[in-house]
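1. let me see the structure of the following:
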Amino acid sequence: MSVTKCPTLPMKPIGMPRIVLLTLVALFPAISVAHPSTLPVDEQANAWLESFTPEARGKATFSFDDPERYRFRWTPGQREGVKLDELDDAQRHALRDLLRTVLSEAGANKVDAIIATEAALGVLTNATSYRDPEKYWTAIFGNPGEANWGLRFEGHHLSVNLTFSGAKIVSGSPLFLGANPETVPSGPDAGLRALAGEVDLARELYLSLDEKQREVARGSEEWFVGFLTSAGERRANLGKPAGIAATALNDDQKEALRRVIAVYVESIAPGYAAPYLERAFAEEWPDLRFFWEGSEEPGKDYYYRIAGKRLLIEHENRSGGTHVHAVWRDAEADFGGM
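-> So this is what the prediction gives:
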């Protein structure tokens, strides 16, 4: 089952795998009767904050220029902000509506599935207190509705970082998405794949390359272990050009590359994602390169990177192709470029 089969509110959760359903009910009670908000995102954020006690609001809010805004990460552990289990039912609903406003339906599905995969991993490894789906934190930077403000929703294998001007999203990156296991192997949630598109579309692109193209795609003057970009890094490191140029692909392969990029960017609401992709495909195309290292066979390790003048996508799948880390960065637009 791909993540697209994991519905978001207000869709009725019929047929949803049991772990996913139990996880979402725990995080967002009475999900079948929830309705998305029609208010602008800044008004939603302010109403959410106004529902807090002074102590809770103090935990959830930071100044816009606080260094904490840049400390995004994807490892387990404590975060700054307000934790899911510190919210009452109404506040959880409001947070979910807020996230559904700033994310696309596909993006909201991924968030659901990543958190559900974390819960499934806790069951599979008998470590439910460590792999706890409550361990996700929200932080607001600045004052929603003013010129510039930011929102972060983050926990293990997930870091959503958005920057706004008033009610308009001006940056949807950095965005980190991860999953372990890549495919839930057993139990009532067997087959859940939180990042099916990020995995499958890139493999399909690589498999479409002929032998000479694959040699170029694998060629690099620079190799390393792990990501070029680092957690908590304010500006992305694009590295040296590596891999096959977008201009060297045939028409079908070019479209496949566009689909890989879009599956990341379109996690964010269409009002931001569509113009971002239009700009990226128009301005970055001559500089975009696709690099692949590792096996093309499912169930084996690999890494890929897509990089241009400012766009960077990195993706690795390790531990026998069962543990995915994926990040989208923009060297100019991350954190609004501010």
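2. break down the stretch 151-300 of the chain into its strands, ranges please.
-> Counting by DSSP state E, counting those that start in this stretch, the stretch 151-300 of the chain has these strands, from start to end: 158-165, 168-171, 175-179, 244-245, 289-294.
3. right, so these: which one is the most enclosed?
-> When you average the neighbours per residue for each of those (mean count of other Cβ atoms under 10 Å), strand 175-179 leads with a mean of 26. For glycine as for every other residue, the C-beta is placed from the backbone atoms N, C-alpha and C.
4. how far off centre is it?
-> Taking Cα atoms, centre = their mean, to the nearest Å, one finds strand 175-179 lying 4 Å from the centre of the chain it belongs to.
5. so in that sheet, which strands flank it, and in what orientation?
-> Each strand paired with strand 175-179, and its direction, by DSSP bridges: strand 158-165 (antiparallel), strand 323-330 (antiparallel).
6. looking at those strands, which is nearest to E314?
-> Across these, E314 has its closest neighbour in strand 323-330 (5.3 Å, Cβ to Cβ).
7. any chance of the strands of the stretch 151-300 of the chain in TSV with distance to V102 and mean pLDDT as columns?
-> Formatted as TSV, the entries for the strands of the stretch 151-300 of the chain read as follows, by distance: least, Cβ to Cβ, whole Å; pLDDT from 0 to 100:
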stretch	distance to V102	mean pLDDT
strand 158-165	6	98
strand 168-171	6	97
strand 175-179	11	97
strand 244-245	33	97
strand 289-294	29	95
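8. so which of those is nearest G337?
-> The closest of the strands of the stretch 151-300 of the chain to G337 is strand 168-171. By Cβ to Cβ, the value is 7.1 Å.
9. adjacent strands (with direction) for that closest one?
-> By DSSP bridges, strand 168-171 pairs with strand 158-165 (antiparallel).
10. and N109, which of the strands paired with strand 175-179 is closest to it?
-> Closest approach to N109 among the strands paired with strand 175-179 is made by strand 158-165 (12.8 Å; Cβ to Cβ).
11. just the residues contacting that closest one, thanks.
-> For strand 158-165, the external contacting residues (Cβ atoms under 8 Å, 6 or more residues apart in numbering) are 41-42, 69, 72-74, 99, 102-103, 111, 114-115, 136, 144, 147-154, 169-178, 268, 334-336, 338.
12. what about that strand, distance to the chain center?
-> Relative to the mean C-alpha coordinate of its chain, strand 158-165 is positioned 10 Å out (Cα atoms, centre = their mean).
13. report the buried residues of stretch 42-52.
-> Neighbour counts over stretch 42-52 (16 or more other Cβ atoms under 10 Å) mark 42, 44-46, 48-49, 52 as buried.
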